[in-house]
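1. predicted structure and sequence below. I'll ask about it afterward.
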Amino acid sequence: MTPVTRKRYQESLDALRGDVVGMGELVLDRLEKGLESLSTGDEALAREVIDGDDAVNEIYLDLEDRCIDLFALQQPVAGDLRFVAASFKIITDLERIADLATNLGRYALSGDEGLEPEVSIGDIGDVAIDLVERSLRAYESGDVDACHRIAADDDELDALCLRASESLARDLIEHEAGDLIEHEAGGDGPWTAERLLDDVSTILLAVRDLERVGDHAVNVAARTLYMVENDPALLY
Amino acid sequence: MASSTRSQLVESDTSATDAVAAGAVGLSAILFALSLAALFEAVTIAQPVAGVSAVTLLGGLLAVLGTAVVAFGVGSWLGYVETTPSSSAGLVAASVAAIAWFTVAGGVASQTLGLGTAGGIVGGLLGGAVAFAATALTREDLGSTVPVGALCLLTGLVFATGVIGPEWIWDLGWEQTASLTAEFVIPVATLFAALFAGWAAAKAYGGFGARGRRLGAYTLIYLNAISIVAFLFILVAFVVVQGLPGLFTGVQVGAGVGPQTTIFGVSFTLPLSVPFVMNGVALLNDYQGVLPAIVGTIWLVIGAVLFAVPLGVGAAIFLTEYAERGRFTQVVEIATNGLWSTPSIVFGLFGFAFLVPRFGNRKSLLAGMLTLGFMLLPLVVITSREAMVAVPDEYRDASVALGVSRWETIKSVVLPAALPGVVTGVILGVGRIAGETAPILLTMAGGTFVPGSQTVDVIGGFEFTAAPPFVANPELLQATSALPYQLFALITAGVGLGDNVTSPEQFRWATALILLIVVLSFYAIGIATRYYFRNKLRHD
Amino acid sequence: MSETQSTTASADSTEQAPQTTTGETIEETRSEWTEYGFDGQAKLTAEGLDVFYGDDHAIKDVSMEIPEQSVTALIGPSGCGKSTFLRCLNRMNDRINSARVEGSVSLDGAEIYQEGVNLVELRKRVGMVFQSPNPFPKSIRDNISYGPRKHGDIETGWLARLLGRSDEAVEEELVERSLKQAALWSEVEDRLDDNALGLSGGQQQRLCIARALATDPEVILMDEPASALDPIATAKIEDLIDDLSEEYTVVIVTHNMQQAARISDQTAVFLTGGQLVEYGNTDRIFEDPRSQRVEDYISGKFG
């Protein structure tokens, strides 16, 4: 039921919701591009992602300002208060996701030559991106069930990431370093070993970052649940 | 936690004692009414009522009332009845009881015991002091019932046993042989006894204490209000009853019976003929009437109102809206109040000395109008001023904030809002001036009993003249008659009516009645006007 | 709470900091706190305004500029001069005999406290709405057309009708327009001839606003317009003020700080003694006021 009074206040709330979703979509776009740049090694794309972080930060600060303004000037209570408070926290998570997307871009620039752990980075990334997207939609529409499902699915993502890290470690141990070095086209011994370690740690970091993306998505879902139902169940 | 007296929150059903007390209050009201009736001779004290003479009846009822009151008080004191009395009946009740007993004891001492005036005063003081002490020093349930109830009982016994009977008379022995007759004393004594006993009985009904005093006050107020209304009603009814026969002498109903009238160019004969209202006094009349006087009174009032209202409202506007509160306005207030209290004969003298010489050195309708207008003026100023001051400042603020000038604000906001108050003032004033005889006597009254043909015709009297002011009305300069003057002449001179009037007494009363009717008609017009203006200001 | 002596151009910089009776130092007001820079025109400007009620110095040396087509709120504790200041803007203080005004107030650059000012014109351009709704005891229609009638803009007397110059159509249109602007039209359109006193409090106040709008003002002054109303009526008035600020300059006095926070673009804080202590953007005043006294007042810690 649209309330009849406090039109300007209502418009501010709706605008906030829309802009938070907008920020989320921007972040999603960054994440997708970051993942793609990492999977395909596209350096131009990677640079675009890295440079775009400032824009996200500006939006973050602006939205934060608007939340403060709403608190000070409009005195929201009840559902509106939980909404503004939740949005306030969610934009922080979104900003962190954008930072993580930037990391992926940086990893892409440092180069990877086709190491294939058991699960590809791209697949893990797709799961993470899906979680973020779903959490954003849940925030937009206030879908409580989706929040619970997101939390559950994040466990699977965590398991996925664990397996990926383990398999990479196993690969390292099982296959002799020599095979791997030979696999690298030509080159001196010590230098290629370094490069191998760099690549492995890059992938490990990427996997960890993607797991964190999933955690931030769960935070978004948790705050949404709190916003809609005043239920702190998912806020651990 | 401060302790306060706690009474029952939910009042229990009436018990027998409550019924007795209520009955006592009712009895006192009946006695009150009876005494009023006796006072106005609707019931003569000697005449028998239900086989017993009225005096005895009154006496018996008084005795019963007194006993009931005393019984209630004693019963409460002994604890048979549940009451919540205070520790004392208070100074007011004590004073009342003291004065009542002073009168009775003084009268008894000087007359019955033959002690003369000095003995009367001593006896009175003694009785008063005892009553005062008895009321003030004992607990409330005893103090407020026993002295008053005992008085009532005593009075009742005195009347019932015939000690003071219908032939009783008390020569006061003062110079002009003033005396108090039984026709006066008995009803008055009953009145007061019933009043006091009713007060005590109401207090008893309320169980004494705060609640009792409240009920006692209510009873007193109701009884007094009823008596005022009854008095007014009796007065009016008296005049009506006496005047109707005279008013309707020779009334005829039927076609062609009445006089010819022309309204808007159409002339026809009224089907009703009321000679008293339609005729003057003439030798050839079948029945005499007071038409000229009626018309004279009506024009007087109209003229006075037309003169006084604009001036008065204008003065009130100046005093309220324009003048600053200071010396000047205070002086004006004092002068206005003084004028309003001035006796009407002074106004008459003013008219006689100042106006009459200026209007052809003879009495005239115009001089009468102006004199009465001057009489009306102070009241209009006072009430208009009060009505305008009562208009809230918020309206003026709102109007000024809209950029409206002060005069426009007064015209469109303040005056309309004050209008009901102004009309009230005019109504009150008209009531006073329409009945004033002295000014009319000195400034206007011509012949006392004039034929109908000499009725002043103001409307038809307007004519144009060649010289300024181009409009003249010689009718205004006629010396005419007016109702109060007519009545005065009838009462003092009495004659001049000729043989056509069968009963001069009836004629007088009829004149009084018609004056009352004329004044009430003005009231009705005024009230209707005020009603109209009030509804415009209201929202329902 | 003591402040160090300011070294900027403060008139009292050579004096000791004022002390309270308990010996605490009162914070000194800095002049830059009341300077408010904004884009656009200033509709009303007060300079060095001092108001005395007899011997009582009610407003001390207040200077401020009020931007056009926006909402300016004046807040502060009771008796600190905000209503007095408001009433200076349309010279309503002239009605009080003991009031003396020194200093300058100008509307669109024209000084209003000078000889030869047409008060009627001033009050046409600067309308006012009071704390308690005060509609005239007339019909709704007559209430609204009262101002224009008195100014001669509308003539509907019998003489005008006789001469064929009656402005009844103009009046109807004016009444409808004003009531729509005041968001009251839909509630009263079928009972314009009913007495205005039959409306509820909130409706009466909106009627008063419509009445003020009918004279086609440029500025609307509101003296605590919602303080006599219930929360729902108050919310409607606040929405109305928001709409009005697009076309008119609104100056509103309110003792309800949250209301000022909700609806105003800039806020001026008057504290005891008739002093203007701080004046600036509403969000800055409520999120980061420069004066400690203002911060204490706003957070409810008086004293």
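-> Nice, thanks for sending it over. Please read all numbers here as calculations on a predicted model, not as lab measurements.
2. show me what from chain A comes close to chain C.
-> For chain A, the residues in contact with chain C (CB under 8 Å from any CB of the partner chain) are A:5-9, A:68-69, A:72-75. C-beta here means a position set from N, CA and C on the backbone, and glycine is covered the same way.
3. farthest pair in the residues you listed?
-> A:Thr5 and A:Ile68 (23.5 Å; CB to CB).
4. and the closest residue to B:Val356 other than its chain neighbours, what element?
-> Ranked by CB to CB, 6 or more residues apart in numbering or on different chains and with sequence neighbours excluded, the top spatial neighbour of B:Val356 is B:Ala367, at 5.3 Å. Assigned by DSSP states H and E, B:Ala367 belongs to helix B:365-390.
5. any buried residues in that helix, and which?
-> Using 16 or more other CB atoms under 10 Å in any protein chain shown as the test for burial, helix B:365-390 gives B:365-388.
6. for it, packing partners?
-> Judged by 3 or more CB pairs under 8 Å, 6 or more residues apart in numbering or on different chains; DSSP states H and E, the packing partners of helix B:365-390 are helix B:291-317, helix B:327-341, helix B:344-350, helix B:415-433, helix B:438-443.
7. next SSE after that helix?
-> The helix or strand immediately downstream of helix B:365-390 is helix B:393-401, counting by DSSP H and E.
8. now that next one: buried residues?
-> Buried residues in helix B:393-401, counted by 16+ other CB under 10 Å: B:395-401.
9. remind me which residues of the stretch 201-350 of chain B are low pLDDT?
-> Along the stretch 201-350 of chain B, the model assigns pLDDT under 70 to residues B:255-258, B:260-265, B:268, B:270, B:281-286.
10. one more pass at 90, please.
-> By pLDDT under 90, the low-scoring segments of the stretch 201-350 of chain B are B:201-216, B:219-220, B:222-224, B:226-228, B:230-300, B:321-326.
11. looking at it, which residue is nearest chain C?
-> Residue of the stretch 201-350 of chain B nearest chain C, by CB to the nearest CB: B:Glu324 (7.6 Å).
12. what do you get for chain A?
-> A:Thr5 (3.8 Å).
13. distance of that residue from C:Ser70?
-> Going from A:Thr5 to C:Ser70 by CB to CB, to the nearest Å gives 21 Å.
14. and for B:Glu505?
-> According to CB to CB, B:Glu505 and C:Ser70 sit 87 Å apart.
15. of these two, who's got more company?
-> Of the pair B:Glu505 and C:Ser70, C:Ser70 is the one with more neighbours under other CB atoms under 10 Å in any protein chain shown, namely 18 against 14.
16. would you map the helices across the stretch 101-250 of chain C?
-> Remark: helices assigned in the stretch 101-250 of chain C by DSSP state H, counting those that start in this stretch are C:119-125, C:140-150, C:158-162, C:168-181, C:185-188, C:201-213, C:231-244.
17. contacting residues for the residue of the stretch 1-150 of chain C found nearest chain A?
-> Of all residues in the stretch 1-150 of chain C, the one sitting closest to chain A is C:Val71 (10.9 Å; CB to the nearest CB). Residues in contact with C:Val71 (CB atoms under 8 Å, 6 or more residues apart in numbering or on different chains) are C:241-242, C:245, C:250-252, C:263-266.
18. what sits opposite it in the beta ladder?
-> Judged by DSSP bridges, the bridge partners of C:Val71 are C:Val250.
19. distance check, it against A:Asp14.
-> Noted for C:Val71: a distance of 22 Å to A:Asp14, by CB to CB.
20. cool, B:Phe102 as well?
-> Look at B:Phe102 and A:Asp14: by CB to CB, they are 88 Å apart.
21. tell me which of the two has more neighbours.
-> Neighbour count, other CB under 10 Å: between B:Phe102 and A:Asp14, B:Phe102 has more, with 20 against 10.
22. quick one: the residue nearest to the spatial centre of chain B from B:Gly526, how far?
-> Taking CA atoms, centre = their mean, the centroid of chain B lies closest to B:Leu232, which sits 5.9 Å from it. Distance of B:Leu232 to B:Gly526, given as CB to CB: 18 Å.
23. the residue in the stretch 151-300 of chain C that chain A sits nearest to: neighbouring residues, count only.
-> The minimum distance from the stretch 151-300 of chain C to chain A, using CB to the nearest CB, falls at C:Ala235 (3.8 Å). Residue neighbour count, defined by other CB under 10 Å, stands at 21 for C:Ala235.
24. residues contacting it?
-> Contact partners of C:Ala235, counting by CB under 8 Å, 6+ apart, are A:5-6.
25. pLDDT score for residue 173?
-> Just so you know, I chose chain A. Here, the pLDDT recorded for A:Ile173 equals 73.
26. right idea, wrong chain: chain B
-> pLDDT at B:Gly173 comes out at 59.
27. cool, the one 10 residues further on as well?
-> B:Glu183 carries a pLDDT score of 75 in this model.
28. ok so, going back, how about CSV for the buried residues of helix B:393-401, with distance to chain C and pLDDT added?
-> Output for those, formatted as CSV (distance: CB to the nearest CB, whole Å; pLDDT from 0 to 100):
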residue, distance to chain C, pLDDT
B:Tyr395, 6, 93
B:Arg396, 8, 93
B:Asp397, 6, 92
B:Ala398, 5, 94
B:Ser399, 8, 94
B:Val400, 6, 92
B:Ala401, 4, 93
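29. go ahead and confirm A:Leu13 touches A:Leu70.
-> Yes - A:Leu13 is in contact with A:Leu70 according to CB atoms under 8 Å; the separation is 7.5 Å.
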